[in-house]
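# Coordinates only, no sequence provided:
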Ligand code: GUN
């Protein structure tokens, strides 16, 4: 039977650590500020942005909110980013994705100064991660590493299997696990005999985007199972992850629930990145 990893509790610990440092910066006269840009009114994005603003309030980071109409043009958005890049009172810039179809996410991400790229999506940030230089790392995988470390999971020398290869989770996750000296396998939709690989994972990261796809047949006895998925399914629109929790729970050594596992760690990771952005700028 698995030990449940409490992401809510661990994310609060991380946010508390950030809060202490933010407070110390305040005493030196530095107010850490994050600009949050939302274009349009996608309901899921609105919820995510509100949660990010709440976390800012909790940690003492000032959030400066830009809620722009759906019709905003790409050049208007790029002009706002230029202005925020220049603004010394702003330490981090976050543009909530997805953007409306008429705006190129690629152009928008590239326009954010790498020094303020608290999402870690800029090609410069991704490049830094891959060559082991300090820089911003995508918040969900960064949060997962914190979750593993704070749960006492040894990463070095372990076989970590990542299912999924997205730019936001799968790829940076693999890079971070490699940086922590794990042996890393990445599986995806074209992987053959996938269970033969996933059943070797001491640490199994499920980031496939398919509700409850990963059942016990994918999991090695005693593995640490991290569920990145979040879906609303069925009549009652109950939340579930990429992992079939009831099937995997008896087999795994440790497991993250949905909700209350990885989700809160993503936002805590963002808060940590904002703090790092401020320290970098102030050369602390
Ligand atoms: N949309 C879904 N996840 C994310 C995220 O981590 N950052 C941003 N900016 N948008 C997202």
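Here it is on my side, so go on. Being a predicted model, the structure only gives us computed values, none of them experimental.

# For the rest of this, base every contact and every neighbour count on C-alpha atoms.
Will do.

# Quote the end-to-end distance of stretch 59-74.
End-to-end distance for stretch 59-74, by C-alpha to C-alpha, to the nearest Å: 32 Å.

# what comes into contact with that stretch?
15-16, 18-19, 22-23, 31-41, 53, 56-57, 100, 102-104, 108, 271 (C-alpha atoms under 8 Å, 6 or more residues apart in numbering).

# and these, which are buried?
With burial judged by 16 or more other C-alpha atoms under 10 Å, the buried subset of these is 15, 18-19, 22-23, 31-40, 53, 56, 100, 103, 108, 271.

# List the ones among those that fall in helices.
15, 18-19, 22-23, 53, 56, 108, 271 (DSSP state H).

# I'd like these laid out as JSON lines, including distance to the ligand and pLDDT.
Putting those into JSON lines (distance: C-alpha to the nearest ligand atom, whole Å; pLDDT from 0 to 100) gives the following:
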{"residue": "15", "distance to the ligand": "17", "pLDDT": "98"}
{"residue": "18", "distance to the ligand": "19", "pLDDT": "98"}
{"residue": "19", "distance to the ligand": "21", "pLDDT": "98"}
{"residue": "22", "distance to the ligand": "22", "pLDDT": "98"}
{"residue": "23", "distance to the ligand": "25", "pLDDT": "98"}
{"residue": "53", "distance to the ligand": "13", "pLDDT": "98"}
{"residue": "56", "distance to the ligand": "15", "pLDDT": "98"}
{"residue": "108", "distance to the ligand": "11", "pLDDT": "98"}
{"residue": "271", "distance to the ligand": "12", "pLDDT": "98"}
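
# For the residues you listed, name the two members farthest from one another.
Greatest spatial distance among those (C-alpha to C-alpha): 23 and 108, at 31.6 Å.

# what's the neighbour count on residue 71?
Residue 71: 11 surrounding residues under other C-alpha atoms under 10 Å.

# May I ask you to confirm that residue 213 is in contact with residue 244?
Yes. At 6.4 Å, residue 213 counts as touching residue 244 under the criterion of C-alpha atoms under 8 Å.

# who does the helix or strand bottoming out on mean pLDDT in the chain pair up with?
Least confident helix or strand of the chain, by mean pLDDT, DSSP states H and E, is strand 231-233 with a mean of 90. Note on strand 231-233: by DSSP bridges, its sheet partners are strand 238-240 (antiparallel).
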